[in-house]
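J.: Coordinates only, no sequence provided:
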């Protein structure tokens with residue numbers, strides 16, 4: 001059954017079970033044309049099988065049927081699992097992430113011969129984050145799949161993470177059998193309801209004959225909406241032999257927006273005295289989006305800021321690049337956008353955290369004329385008043401606006417604006433290079449005490465500058481949720497291309513940095529990758545150390561900042577809860593470098609900036625030349641940076657005395 005966001009109910013129909021020994025269709029990984037437009041020609045019986053032979057295991061060979069008359073597609077007899085895998089091939093989906101389970105084994109049995117790689121992870125949570133990292137680094141759809149019930153439930157957080165990262169993914173959720181569902185059987189849970197708010201589209205296979213139809217539709221919905229989509233499959237749908245017709249792939253042309261809105265945007269920008277462009281994830285996801293925004297910025301002489309956690313949405317080496325807005329972003333970007341009279345928010349939903357005050361400054365310009373462009377019209381105007389809203393593809397919109405600009409667009413005080421951009425960037429670069437330590441709010445002394453307690457330890461900023469000095473310019477990096485990684489946001493402004501910066505996104509999951517960089521390396525094996533996480537967040541995903549050392553897994557480099565605390569929550573405690581630390585302390589005795597060695601990987605512990613630089617340089621070299629996975633444990637002091645949620649926190653008011661003696665222990669005696 002299909003469920004869009006508006007749908008609310010579901011029913012299930014039990015499918016017919018085929019007898020044992022059903023003929024098996026050979027799934028050829030090397031068949032020419034898989035996933036290409038030619039493979040979907042309506043005159044072929046099975047697009048991806050053009051010229052291939054079909055055969056029944058242990059039986060005489062069956063050849064592919066002759067082409068049907070023009071405009072017709074001929075049925076091919078196969079099992080439901082063969083149909084499923086052929087549909088994956090048709091769409092070029094060749095990477096799956098999860099943990100093996102009996103409910104998926106009819107299709108996983110076909111993966112090797114179909115050329116589909118299944119990455120058997122240590123935990124489904126990490127598998128989902130790997131899938132997100134793979135697809136974000138490559139732009140290619142991947143698949144999450146696991147056992148029904150407790151396996152699938154572990155996908156909830158990564159699927160919602162991918163949703164707000166705008167990552168098109170295929171979520172395959174094998175389900176308890178139709179004939180027993182509703183009886184509270186083994187590993188049964190309502191899997192459609194669980195993901196209703198985490199995907200752009202979901203549908204259940206209600207009859208075995210509809211496997212191809214449903215899977216094809218789910219994949220196409222994910223691509224169009226740039227988000228995860230779910231196919232739910234009762235396990236008794238498998239092993240049925242039926243006649244299937246493969247659909248022709250349908251690509252919908254994306255829109256450049258309405259003519260009137262494009263004209264209105266071009267007029268506003270043509271008249272602007274200080275135009276600013278704010279690039280979001282849409283410029284990365286849109287083919288040619290960054291190049292189109294670059295041409296538009298150059299015509300206007302407009303500085304380009306990047307939305308929070310999308311630091312690679314514009315080339316960092318371009319003179320008009322201003323840096324990221326938001327938490328621990330670029331002061332240069334904030335200064336420049338504060339002067340704007342017109343802002344073009346290109347390919348962004350303008351999430352509320354992108355423009356929160358930072359460095360004690362509220363920088364969003366009052367009275368600014370705002371043009372917002374998003375592929376999803378429902379998100380336009382959600383967080384800020386919009387003067388011109390455009391539902392369309394970022395690249396196409398930018399190209400059409402550029403074509404309609406007045407010849408004089410951008411000429412008002414161009415030289416003065418360019419000089420201001422240059423000076424603002426130079427000033428911020430200079431200031432950032434001298435920022436060694438974190439400040440304390442008035443009336444608090446936590447950071448001062450940390451420096452005094454461990455004067456020999458690096459501060460977070462000293463560590464980040466060391467990383468910055470030796471990190472390869474072409475590296476893909478991932479980051480995690482936490483205070484130390486948040487500080488690092490200011491130092492990731494060097495990206496010359498897109499799909500290089502994998503931040504966790506606005507769902508804010510801890511444990512993203514490690515698995516996402518594994519996925520990125522799987523997708524880009526010839527590119528150096530480096531993941532970053534604090535010790536708290538890393539602890540959530542560190543069980544993947546037991547999986548990633550296997551022979552077929554590519555090597556990565558992972559940096560773990562060791563400050564022995566949940567830093568973000570501890571920062572809140574120092575500011576609003578008078579150092580009453582509850583649940584913020586980590587185990588001092590854990591040695592992450594030694595854990596890495598115990599897993600057959602390389603582990604290095606460093607305590608100085610010189611040791612960090614040497615270790616990181618050697619680790620990346622080992623990754624690229626010796627296939628070595630290295631974990632670098634970086635010991636830091638316990639300084640804490642700016643809290644994430646000043647807007648949402650305040651000191652509590654106590655009105656009642658609470659005493660330990662009032663605990664009713666006698667009720668449980």
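T.: Cool, the structure landed. As the structure is a prediction and not an experimental result, all values here were calculated from the model.
J.: chain center to whatever helix or strand residue 270 lives in, what's the gap?
T.: Residue 270 is part of helix 259-271, with elements assigned from DSSP states H and E. Remark: helix 259-271 is offset 32 Å from the chain centroid, using Cα atoms, centre = their mean, to the nearest Å.
J.: name the helices or strands packed onto it?
T.: For helix 259-271, the packing partners by 3 or more Cβ pairs under 8 Å, 6 or more residues apart in numbering; DSSP states H and E come out as strand 342-346, strand 369-374, strand 388-391, helix 394-404. No exception for glycine: its C-beta is placed from N, CA and C like everyone else's.
J.: Helices of the stretch 201-350 of the chain, residue ranges please.
T.: Under the criterion DSSP state H, counting those that start in this stretch, helices of the stretch 201-350 of the chain are mapped to 211-225, 259-271, 281-285, 289-300, 331-337.
J.: Out of those helices, which is the most enclosed?
T.: helix 281-285 (a mean of 27; mean count of other Cβ atoms under 10 Å).
J.: So which elements touch that helix?
T.: helix 289-300, helix 394-404.
J.: Looks to me like residue 159 is in a helix.
T.: Yes. Assessed by DSSP: H, G, I helix; E, B strand; the rest coil, residue 159 belongs to a helix.
J.: Count the residues that sit near the residue nearest to it when sequence neighbours are not counted.
T.: Using Cβ to Cβ, 6 or more residues apart in numbering and skipping the chain neighbours, the partner closest in space to residue 159 is residue 198 (4.5 Å). Using other Cβ atoms under 10 Å, residue 198 has 22 other residues around it.
J.: what about stretch 203-218, distance to the chain center?
T.: Between the centre of stretch 203-218 and the centre of its chain there are 26 Å (Cα atoms, centre = their mean).
J.: Could you do stretch 425-438 as well?
T.: In terms of Cα atoms, centre = their mean, the centre of stretch 425-438 is set 29 Å apart from its chain centre.
J.: Kindly report the same for stretch 560-571.
T.: 23 Å.
J.: which outside residues touch that stretch?
T.: 460, 463, 481-486, 532-536, 538, 581, 583-588, 592, 631-638, 640-644 (Cβ atoms under 8 Å, 6 or more residues apart in numbering).
J.: circling back: please identify the most buried of the helices and strands packed on helix 259-271.
T.: Buried most deeply of the helices and strands packed on helix 259-271, by mean count of other Cβ under 10 Å, is strand 342-346, with a mean of 28.
J.: pLDDT-wise, which helix or strand of this structure ranks last?
T.: Sorting the helices and strands of the chain by mean pLDDT, DSSP states H and E puts strand 53-55 at the bottom, at a mean of 27.
J.: which other helices and strands contact the longest helix along the chain?
T.: Assignment by DSSP state H gives helix 414-433 as the longest helix of the chain. Contact partners of helix 414-433 among helices and strands, from 3+ Cβ pairs under 8 Å, 6+ apart: strand 321-324, helix 331-337.
J.: what packs against the last one?
T.: Counting contacts by 3+ Cβ pairs under 8 Å, 6+ apart, the secondary-structure elements packed against helix 331-337 are strand 275-279, strand 304-306, strand 321-324, helix 414-433.
J.: Just put the ones you listed in TSV and tack on mean pLDDT.
T.: Output for those, formatted as TSV (pLDDT from 0 to 100):
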stretch	mean pLDDT
strand 275-279	98
strand 304-306	97
strand 321-324	96
helix 414-433	96
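J.: could you dump the helices of the stretch 201-350 of the chain to TSV with mean pLDDT and distance to residue 123?
T.: Below are these laid out as TSV (pLDDT from 0 to 100; distance: least, Cβ to Cβ, whole Å):
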stretch	mean pLDDT	distance to residue 123
helix 211-225	96	23
helix 259-271	97	46
helix 281-285	95	27
helix 289-300	98	34
helix 331-337	97	37
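J.: Nearest to residue 610, out of those helices?
T.: Proximity to residue 610 (Cβ to Cβ) singles out helix 331-337 among those, at 28.6 Å.
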